[in-house]
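Peer 1: the sequence and its predicted three-dimensional model are supplied below.
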Amino acid sequence: MSESVNPPRIAGWLLLPLAWLIMTMLTSALVVALYLRPLFDSELRSTLFDHADVLMTQWLVSLLTAAAVWLYSIWVCWIFCQRSRRLPRHYIIWLLVTVLLALKTFAFTPVADGKAIQTLLLALLSAAVFVPYFKRSQRVKQTFIRP
C-alpha cells in the first residue's frame, strides 16, 4: 500500500508573499475602478472625449495596464492557492512587473515624488526579499508541487 504524501500547507513565511499579492490585487481593482469612473461621470466623460487625441490614449493605456495587472494578480493568487509548481516562476515575474510599474509611475506619472518613491521602494524591497526566497527556499520547493 502506497501512502500519499501531502505537501506542506501554505503557512508561515509563505503567508507574507500571499498577503502582498492580495494587497496588490485589491489595489489594482481600485485603480481599475478609478480609471472607469469617467465613463459614469458626465463631466469627466466630456473632458475625456473632448481631448480625444492625447488624453484618451493615455487613459486607455493606463486602463488596460491596470486591468492586465489586476487579472494577472488574480491568476497568480489562484495558482498560489492551488500550490501549483508554476507559481514560483510566475510570482517572480509578477514581482518584476510591479517593479516596472513602480518605475513607470516614478518617471512618467504626475504624482508627488514622495509617494512615487515610496511605491518604488516598496516594490524593490518586496522583489529583493521574495525573489531569492522563491528561488532558493526548500519550503517553496516542497509546497508548490502540484501541476
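Peer 2: Alright, I've got the coordinates. Just so it is clear, the structure is predicted and the values come from calculations on it, not from any experiment.
Peer 1: for the protein, which residues score under the pLDDT cut-off?
Peer 2: 1-5, 7, 52 (pLDDT under 70).
Peer 1: would you map the helices across it?
Peer 2: 15-40, 42-50, 57-81, 87-108, 113-136, 138-143 (DSSP state H).
Peer 1: closest to residue 9 out of the ones you listed?
Peer 2: helix 138-143 (7.7 Å; C-beta to C-beta). C-beta: built from backbone N, CA, C; applies to glycine.
Peer 1: and that closest one, which residues are buried?
Peer 2: Residues of helix 138-143 classed as buried: 140, 143 (neighbour count, 16 or more other C-beta atoms under 10 Å).
Peer 1: ok, and what's touching that helix?
Peer 2: Contact with helix 138-143 is made by 7, 8, 9, 10, 12, 13, 14, 83, 88, 133, 134, as judged by C-beta atoms under 8 Å, 6 or more residues apart in numbering.
Peer 1: what's the burial count for the last one?
Peer 2: Translated: residue 134. Residue 134 is flanked by 20 other residues according to other C-beta atoms under 10 Å.
Peer 1: same question, the second one
Peer 2: Using other C-beta under 10 Å, residue 8 has 14 neighbouring residues.
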